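Student: Just a sequence and a predicted model for now, questions to come.
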Amino acid sequence: MVLVAQATPPRRDRGMARRLLRSDLILLVTALTLSLLGAVLVRSATAPGSGSTYLVKHLVNLAIALVMAGLLLRLDRLALRAVAPAAYLLSLAALAAVLSPLGSTVNGSRSWIVLPVGFSVQPAELAKVALCVALPMVLVGAAERRRAPRAREVLLAGVVVGLPVLLVLAQPDLGSALVLVALGVGVLAASGARWPWLVGVGLGAVSAVVAAFTTPVLSQYQRDRLTVFLDPAADPLGIGYQTQQVLAAISSGGLLGAGLGQGEITQSGRIPYQETDFVFSVAAEELGFVGALMVIVLYGLLIARLGLAAARSDHFGRLVCVGVATWFSVQVVENVGMNLGLMPVTGLPLPFLSYGGSSMFACWLGIALAVGVGSYHRSDTNPRGG
């Protein structure tokens with residue numbers, strides 16, 4: 001009698017499968033829906049001049065992002081905590097490389113590294129992912145001991161946040177720097193830090209913003225953006241014209257919109273960078289108030305599910321999920337706000353919807369972090385997931 005041994009899946013694969021089964025499918029489906037909706041909006045914004053080129057690139061970026069997220073999900077919680085310092089140091093090295101001759105300047109900001117294969121990466125986007133795991137590593141010890149972070153831990157957390165913020169401001173990229181600061185404040189608050197520390201961090205952030213406005217840190221292009229926000233009539237043939245066209249596109253959408261591919265302003269190509277900075281205006285003009293509201297509802301659902309994952313997770317997972325939720329929330333508020341003329345134009349992309357590989361990769365890595373740590377509930381007694 002011949003016995004045939006049945007192949008047993010590797011332990012790591014079983015752990016990943018368990019995490020996927022225990023993951024928040026609503027969170028995953030919402031992120032995928034936003035990504036695919038982004039493909040539709042990017043196609044509509046760029047088809048008159050480029051056909052399906054940007055659509056194909058957006059879908060390729062999405063496919064790569066999903067593969068990257070899948071690879072990250074292979075790391076269990078202990079492995080993720082082990083690689084967090086290395087990920088943080090690599091992000092600092094990439095941000096420093098941007099300021100070297102390897103970096104490229106676009107719209108007054110030296111934020112990109114052009115790769116030999118024709119792709120470009122924006123290290124500031126990936127720094128958000130690294131900070132979402134590095135900062136919780138600094139503060140989780142206090143949370144696990146059920147006490148507020150002490151002065152040494154808060155100061156170390158300030159250094160961990162401050163280094164990438166300074167490197168990003170040196171590019172200069174004020175929008176990404178503000179996201180990193182907000183992410184740090186959110187995680188610090190979730191760790192139970194005392195209110196004087198939070199007030200101090202907030203005052204420090206305000207001081208940094210004031211310094212950016214009153215010193216030569218910002219480029220002239222970025223100063224022009226802020227000038228137009230304060231005075232919409234300024235620069236009527238440049239940035240002022242652009243923002244006025246965005247508002248006109250949004251207001252012309254009405255209740256149900258002109259229909260995909262039918263928006264007069266969108267299809268005329270009057271709005272530069274509409275597939276990136278102003279993709280929300282495509283939804284508002286061509287899908288109307290109902291379509292724009294659907295986009296907001298999807299983001300609300302996404303952030304609510306991240307909050308639920310934080311509530312269900314252990315201490316480390318809670319801080320990671322709060323970091324990701326804060327990151328997404330700030331970018332959505334800023335991007336939609338600048339489309340509506342309520343916030344200055346900072347160039348921050350709309351998560352999942354805007355065209356851009358670095359943003360898509362970072363957003364899906366953020367989702368993978370939340371899914372990975374969120375699959376370990378407070379009641380788990382065995383942390384060895386895979």
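Tutor: Cool, the structure landed. Numbers count the residues shown, from 1 in each chain.

Student: for the stretch 201-350 of the chain, which spans come out with low pLDDT?
Tutor: For the stretch 201-350 of the chain, the stretches with pLDDT under 70 are 208-240.

Student: Now do the helices in it.
Tutor: Remark: helices assigned in the stretch 201-350 of the chain by DSSP state H, counting those that start in this stretch are 220-230, 239-252, 264-268, 279-312, 315-339.

Student: can you give me the angle the last one makes with helix 239-252?
Tutor: Angle of helix 315-339 versus helix 239-252, following axes from the mean of the first three to the mean of the last three C-alpha atoms, to 10 degrees, is 100 degrees.

Student: circling back: deepest of the helices of the stretch 201-350 of the chain, which one?
Tutor: helix 315-339 (a mean of 24; mean count of other C-beta atoms under 10 Å). All C-beta spots, glycine's among them, are computed from the backbone N, C-alpha and C.

Student: so how far is that one off the chain centroid?
Tutor: Put simply, helix 315-339 sits 7 Å off its chain's centre (C-alpha atoms, centre = their mean, to the nearest Å).

Student: Next, the angle helix 279-312 makes with that helix.
Tutor: Going by the same axes, to 10 degrees, helix 315-339 makes 160 degrees with helix 279-312.

Student: helices or strands next to helix 315-339 in the packing?
Tutor: helix 77-98, helix 123-144, helix 174-190, helix 279-312, helix 357-374 (3 or more C-beta pairs under 8 Å, 6 or more residues apart in numbering; DSSP states H and E).

Student: Next, the buried residues of stretch 115-135.
Tutor: Using 16 or more other C-beta atoms under 10 Å as the test for burial, stretch 115-135 gives 121-135.

Student: Closest one to residue 271 out of these, please.
Tutor: residue 122 (21.3 Å; C-beta to C-beta).

Student: give the contact list for that closest one.
Tutor: Residues in contact with residue 122 (C-beta atoms under 8 Å, 6 or more residues apart in numbering) are 111-113, 356, 358-359.

Student: rerun that using 7 Å as the cut-off
Tutor: By C-beta atoms under 7 Å, 6 or more residues apart in numbering, the contact set of residue 122 is 111-112, 358.

Student: and the gap between it and residue 180?
Tutor: 13 Å (C-beta to C-beta, to the nearest Å).

Student: re the thing from before, wait, which of the contacts of residue 122 is closest to residue 80?
Tutor: residue 358 (21.2 Å).

Student: My read is that that closest one contacts residue 124, right?
Tutor: No. Using C-beta atoms under 7 Å, residue 358 makes no contact with residue 124, being 8.1 Å away.

Student: related to what we said a few turns ago, ok, the buried residues of stretch 115-135 vs residue 330, which is closest?
Tutor: Using C-beta to C-beta, those come closest to residue 330 at residue 128, 10.1 Å.

Student: Now flag whichever of the buried residues of stretch 115-135 is closest to residue 169.
Tutor: residue 124 (10.3 Å).

Student: Spatially nearest residue to that closest one, not counting backbone neighbours?
Tutor: Spatially, and ignoring its direct neighbours in sequence, residue 124 is nearest to residue 176 (4.1 Å; C-beta to C-beta, 6 or more residues apart in numbering).

Student: Check residue 288 too.
Tutor: Using C-beta to C-beta, 6+ apart, the closest residue to residue 288 is residue 257 (3.2 Å).

Student: Now for this protein: which strand has the highest residue count?
Tutor: Assignment by DSSP state E gives strand 109-114 as the longest strand of the chain.

Student: Mind listing the strands the helix or strand following it pairs with, and their directions?
Tutor: Using DSSP states H and E, the helix or strand that follows strand 109-114 towards the C-terminus is strand 120-121. Applying DSSP bridges, strand 120-121 is found paired with strand 109-114 (antiparallel).

Student: neighbouring contacts of the strand it pairs with?
Tutor: 97-99, 102-104, 106, 120-124, 171-173, 219.

Student: and of the residues you listed, the nearest to residue 336?
Tutor: residue 173 (19.3 Å).

Student: Now do the contacts for that closest one.
Tutor: 109, 111, 124.

Student: Look up how far residue 329 lies from the first one.
Tutor: If you measure residue 109 against residue 329 using C-beta to C-beta, the figure is 23 Å.

Student: Can you get me a residue count around residue 195?
Tutor: Neighbours of residue 195 under the rule other C-beta atoms under 10 Å: 8.

Student: Format the contacts of residue 173 as a markdown table; extra columns: distance to residue 301 and pLDDT.
Tutor: Conversion of the contacts of residue 173 to a markdown table gives the following (distance: C-beta to C-beta, whole Å; pLDDT from 0 to 100):
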| residue | distance to residue 301 | pLDDT |
| --- | --- | --- |
| 109 | 32 | 76 |
| 111 | 30 | 84 |
| 124 | 27 | 93 |
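
Student: Dump those into TSV; add distance to residue 87 as well.
Tutor: Formatted as TSV, the contacts of residue 173 follow (distance: C-beta to C-beta, whole Å):
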residue	distance to residue 87
109	24
111	19
124	15
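
Student: circling back: could you save the helices and strands packed on helix 315-339 as CSV and add columns showing distance to residue 70?
Tutor: Conversion of the helices and strands packed on helix 315-339 to CSV gives the following (distance: least, C-beta to C-beta, whole Å):
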stretch, distance to residue 70
helix 77-98, 14
helix 123-144, 15
helix 174-190, 24
helix 279-312, 18
helix 357-374, 8
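
Student: Among those helices, which comes closest to residue 60?
Tutor: helix 357-374 (8.3 Å).

Student: In this structure residue 301 contacts residue 29, no?
Tutor: No. Shown here, residue 301 and residue 29 do not form a contact pair, counting by C-beta under 7 Å, at 9.6 Å.

Student: Roughly how far does residue 56 sit from residue 356?
Tutor: Distance from residue 56 to residue 356, by C-beta to C-beta: 14 Å.

Student: Residue 262 too?
Tutor: For residue 262, the distance to residue 356 - C-beta to C-beta - is 25 Å.
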